[in-house]
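Engineer: Make a model of this:
(chains A and B)
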Amino acid sequence: GAGVSQSPRYKVAKRGQDVALRCDPISGHVSLFWYQQALGQGPEFLTYFQNEAQLDKSGLPSDRFFAERPEGSVSTLKIQRTQQEDSAVYLCASSSLAGGYEQYFGPGTRLTVT
Amino acid sequence: GQNIDQPTEMTATEGAIVQINCTYQTSGFNGLFWYQQHAGEAPTFLSYNVLDGLEEKGRFSSFLSRSKGYSYLLLKELQMKDSASYLCAVRGDNDYKLSFGAGTTVTVRA
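Structural biologist: Take a look at the predicted model:
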């Protein structure tokens, strides 16, 4: 497809379960970002990849959060031992340039932890 | 740290003009972005300002004053489909990370 895709679109997890969220960026895009968006708030930066290198993970809330982009295209955000406060929409964005001017966002994965 | 403020909600009539203000205090500045986000959908890029002044793009315009830490997004000839959240975002002292405000929900009434 032409845009950024994410799967699943909705995920319900029981507290303590592990989840994996997938992002397919626009083909050829160098930069990839993950954001967390709580209800009624703006997106909060989680982590940034340039190709396969994770250059910034300063926004990851805890060591339960882990992201990877092993071949410089598809990325996975993994959350271990989910907690209720992890409930949010997780947005992925990509950009053609190193640096991220004009980021193109995916539709997000809505995670609900019960 | 980054501090970005914008009003929570605004209401306007179809065909009217609405101005959404954004003030920011950030460590460094490398550009200000406006995004539109319809409920349950992805944010979509509207505008980018890095120099002072007004950028016009169809019905939407964006203004920046770096010395005042201030921007606004102007929406003209409002249409019902413009009802959405509008997000102000600043790129700070690196060249990739965006810090977003909480968003302004604009409701357009007939």
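Engineer: ok, which residues in chain B are in contact with chain A?
Structural biologist: B:4, B:31, B:35, B:41-45, B:48, B:87, B:89, B:91, B:94-103 (C-beta under 8 Å from any C-beta of the partner chain). The way it works is simple: take the backbone N, C-alpha and C, and place the C-beta from them, glycine included.
Engineer: Do I have it right that B:Asp5 meets B:Tyr24?
Structural biologist: Yes: with contact defined as C-beta atoms under 8 Å, B:Asp5 counts as touching B:Tyr24 (7.4 Å).
Engineer: if we can go back for a sec, please indicate which of the residues of chain B next to chain A are buried?
Structural biologist: B:4, B:31, B:35, B:42-43, B:45, B:48, B:87, B:89, B:91, B:96-103 (16 or more other C-beta atoms under 10 Å in any protein chain shown).
Engineer: Around chain B, pick out the residues from chain A.
Structural biologist: Counting by C-beta under 8 Å from any C-beta, the residues of chain A near chain B are A:4, A:31, A:33, A:40-45, A:48, A:55-56, A:91, A:98-108.
Engineer: Return the subset of those lying in helices.
Structural biologist: Among the residues of chain A next to chain B, DSSP state H puts none in helices.
Engineer: Where strands are concerned, which of those count?
Structural biologist: A:Ser31, A:Phe33, A:Glu44, A:Phe45, A:Tyr48, A:Leu55, A:Asp56, A:Leu91, A:Tyr104, A:Phe105 (DSSP state E).
Engineer: circling back: next step: the buried ones among the residues of chain B next to chain A restricted to strands.
Structural biologist: Among these, DSSP E puts B:Ile4, B:Tyr35, B:Phe45, B:Tyr48, B:Leu87, B:Ala89, B:Arg91, B:Leu98, B:Ser99, B:Phe100 in strands.
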